[in-house]
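Q: below are the sequence and a predicted model; questions follow.
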Amino acid sequence: MTVLAVAEHRRGDLRPVSYEVVTAGREAADATGGDLHLAVIGGDVESFAEDLNREGVDAIHTVAVGEEFDHGVYAQALTQLWADVEPSLLLAPNTVNGLDYAPAVAERLDIPLVTDAVGVDAGEELVVTRELYGSKVETTLAVDADRAAVTVRPSEWAAAEGHGDATIEPFDADIDESALGARVTGFQEVGGGDVDIGEADVLVSVGRGIEEEDNLDIIQALADALDATVSASRPIVDNGWLPKDRQVGQSGKVVTPDVYIAIGISGAVQHVAGMKGADTIVAINNDPNAPIFDIADYGIVDDLFDVVPALTAEFQ
Amino acid sequence: MKVLVTVKEVAAVDDEFEIDGLAIDDRYLSYDLNEWDEYAIEAAVQISEAREDVEVVTVTVGGPDTEETIRQALAKGADRAVRVWDDAIASAGLLDPATKATVLSAVVEEEDPDLILTGVQAADDGFGATGVTLASAIGWEWAAVVNSLDLDTEAGVASVHRELEGGVEETTEVDLPAVLTIQTGINDPRYASLRGIRQAQSKELAVQSLSDLGLDAGALDSPMEQTSLYEPETEGEATVYEGSAEETAGELAALLREKGVGEA
């Protein structure tokens, strides 16, 4: 089968997931001995195409329209490119932008869409592996269709390497400007306080298990005793208990401290994306099946309200 | 002005559970309003409080058991609810985003709203694609993963922030009518007041079948079939300390000291 995979860029740089989509696309194409085509839309498409020309890419279609992501442009260009290339599988990153155009493209092409794939088997029949219930179980979906779209989860596939010999082909998309109804006007960095969790050597990170805002006191006490910095998972920040610049994860900061102590954090994939690069990961959680233990180096399965004060006392 | 909010009841799995075939045994599931939808409801109610003559209508695809969850949305300030259900939906397999969008499109045709808010995703199956699929199906504009919303109905534009990865937000202007998928943290969802809970009991909750919406069971045909469900193999090789809290804390403290933590 021919696979069409879509690259992602922002503010002048290709995002790493682009190279992962190349790997996922090459695997899917190999399963049936087909070609891998890439689409790169907007920005400096020529330089992006050079970077994307990695081993296993057969063709790169450049669409030189606009600078930044515009879901209307993406939807129109990909729909036209689809008709031109006639692939069987569309692969897009399962990112905030990927989820802003892939569903529209699939709907317009009337092809089924499976999102957030952690596995794609494109043999006889397309079978996609996904997670359910916050990563507690996995499921496989068989897709009975000749053509389909799949968005692939970032960091599940290795980045493609090497240098390829793809043909680079400018694609002259016919964009109907009058149909573009959403305009990107700029970007904002999420608010900065005086603490940069990205610089901390030791992070004491707190999640939903802390239950109430007042209980944060025991986290702060531990951080003080350890001379560490407090960070948090999303729910704590959503509740307004800590400022946004303390959030670790996909939509917050990516941190790589020497020691990361996750307290009452279940370890949702979005959180893990932000801290898996820590040298040593410690998890304290009363759920032995919490996904955080899959990535932790050391763990305590117990009530954090018992363990945290005891740990603090050890350092006082 | 009418705001339509999609509301889903989602299942959460207990810490310990068993898989029975392609499903988790119901004993291990508890049901609640989808977290993302709470924020979408709050966004809609805030719009209605800031303007005259705004009606907030929720729509749910779900069985009779979901009515308690739908009443939560009504108690938080939605004006009335539509629940789509019939035997065909009950016996259908997976409802993929395209299938849901087909059903919701029919509700949109019936209700004729000016704005549609959905949660970014559902906590259980988390496709995260229904809102944008719906927008495309009804020919509306859209924005995915909105964490700030400023509505200018006179100019016919929604100024939104989209929460991108890595602590960056994109500012975007979206022409109305639009479908916006709402991210957690956009607001501070209220708790239902006692008065709200009382009032919710008498608010309209209409049940519609596929045929009421002009659809037949063919609308539920999906090329996707769930073929397995299993617990992923844990990749974890964590050293887990055993014992009382004092004992485990002591062992962890020793490890941390070894790593040079806490040494002033």
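A: On my side now, so go ahead.

Q: so where do the strands sit in the stretch 51-200 of chain A?
A: Under the criterion DSSP state E, counting those that start in this stretch, the stretch 51-200 of chain A contains strands at A:59-63, A:89-93, A:113-117, A:119-121, A:126-132, A:137-143, A:148-152, A:167-170, A:182-189.

Q: partner strands of the lengthiest strand in chain B, with direction?
A: Secondary structure assigned by DSSP state E gives strand B:141-152 as the longest strand of chain B. In its sheet, strand B:141-152 lies beside strand B:157-163 (antiparallel), strand B:178-182 (parallel), with partners assigned from DSSP bridges.

Q: buried sites along the longest one?
A: Using 16 or more other CB atoms under 10 Å in any protein chain shown as the burial criterion, the residues of strand B:157-163 that qualify are B:157-158, B:160-163. Just so you know, the C-beta spots here come from the backbone N, C-alpha and C atoms, and that holds for glycine as well.

Q: could I get these as a markdown table with distance to A:Gly209?
A: Compiled in a markdown table, those are given as follows (distance: CB to CB, whole Å):
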| residue | distance to A:Gly209 |
| --- | --- |
| B:Val157 | 41 |
| B:Ala158 | 36 |
| B:Val160 | 32 |
| B:His161 | 29 |
| B:Arg162 | 29 |
| B:Glu163 | 24 |
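
Q: most widely separated two among these?
A: Within the buried residues of strand B:157-163, B:Val157 and B:Glu163 form the most distant pair, 19.5 Å apart (CB to CB).

Q: and the closest residue to A:Thr280 other than its chain neighbours, what does it touch?
A: The shortest distance from A:Thr280 to any residue that is not its chain neighbour, by CB to CB, 6 or more residues apart in numbering or on different chains, is 4.9 Å, and that residue is A:Val259. Taking CB atoms under 8 Å, 6 or more residues apart in numbering or on different chains, we find A:Val259 in contact with A:201-203, A:228, A:278-280, A:282, B:256, B:259, B:261.

Q: repeat for A:Val272
A: Contacts for A:Val272 (CB under 8 Å, 6+ apart) come out as A:249, A:291-292, A:295.

Q: would you list every one of the strands in the stretch 1-150 of chain B?
A: In the stretch 1-150 of chain B, the strands defined using DSSP E, counting those that start in this stretch lie at B:2-6, B:9-13, B:19-20, B:23-24, B:29-33, B:55-61, B:80-84, B:115-119, B:141-152.

Q: what's the nearest residue to B:Glu67 if we skip its chain neighbours?
A: In space, B:Glu67 comes closest to B:Leu205 once its chain neighbours are excluded; the distance is 6.4 Å by CB to CB, 6+ apart.

Q: who's in contact with that neighbour?
A: B:67, B:70-71, B:74, B:80-83.

Q: contacts for stretch B:7-20?
A: Contacting residues not belonging to stretch B:7-20 are listed as A:133-134, A:136-137, A:287-289, B:24-25, B:28-35, B:37, B:40-41, B:58-62, B:65-66, B:69-70, B:73, B:81, B:119, B:122-124, B:229-231 [CB under 8 Å, 6+ apart].

Q: which among those end up buried?
A: Among the contacts of stretch B:7-20, those that count as buried by neighbour count (16+ other CB under 10 Å) are A:133-134, A:136-137, A:287, A:289, B:24, B:28-29, B:33-35, B:37, B:40-41, B:58-62, B:66, B:69-70, B:73, B:81, B:119, B:122-124, B:229.

Q: mind listing what the most centrally placed residue in chain A touches?
A: Nearest to the geometric centre of chain A sits A:Pro154, at 3.9 Å (CA atoms, centre = their mean). Residues counted as contacts of A:Pro154 (CB under 8 Å, 6+ apart) are A:16-17, A:20, A:93-95, A:250, A:273.

Q: go through those residues and name the one nearest chain B.
A: Looking at the contacts of A:Pro154 and their distance to chain B, the nearest is A:Gln250, at 5.3 Å (CB to the nearest CB).

Q: ramachandran coordinates for the residue nearest to A:Thr280?
A: Main-chain dihedrals, A:Val259, degrees, to the nearest 10: phi -130, psi 130.

Q: partners of it in the sheet?
A: According to DSSP bridges, the residues that bridge with A:Val259 are A:Val202, A:Thr280.

Q: try B:Leu149
A: Beta-bridge partners recorded for B:Leu149 (DSSP bridges): B:Val160.

Q: isn't it up against B:Ala43?
A: Yes - under the contact definition of CB atoms under 8 Å, B:Leu149 touches B:Ala43, with a separation of 6.0 Å.

Q: so what sits against both of these two?
A: In terms of CB under 8 Å, 6+ apart, B:Leu149 and B:Ala43 are both contacted by the residues B:182, B:186.

Q: tell me where the model's unsure across chain A.
A: Counting by pLDDT under 70, the low-confidence segments of chain A come to A:191-193.

Q: could you redo the last one with a cut-off of 80?
A: Applying pLDDT under 80 to the predicted model, the residue ranges of chain A that meet it are A:190-194.
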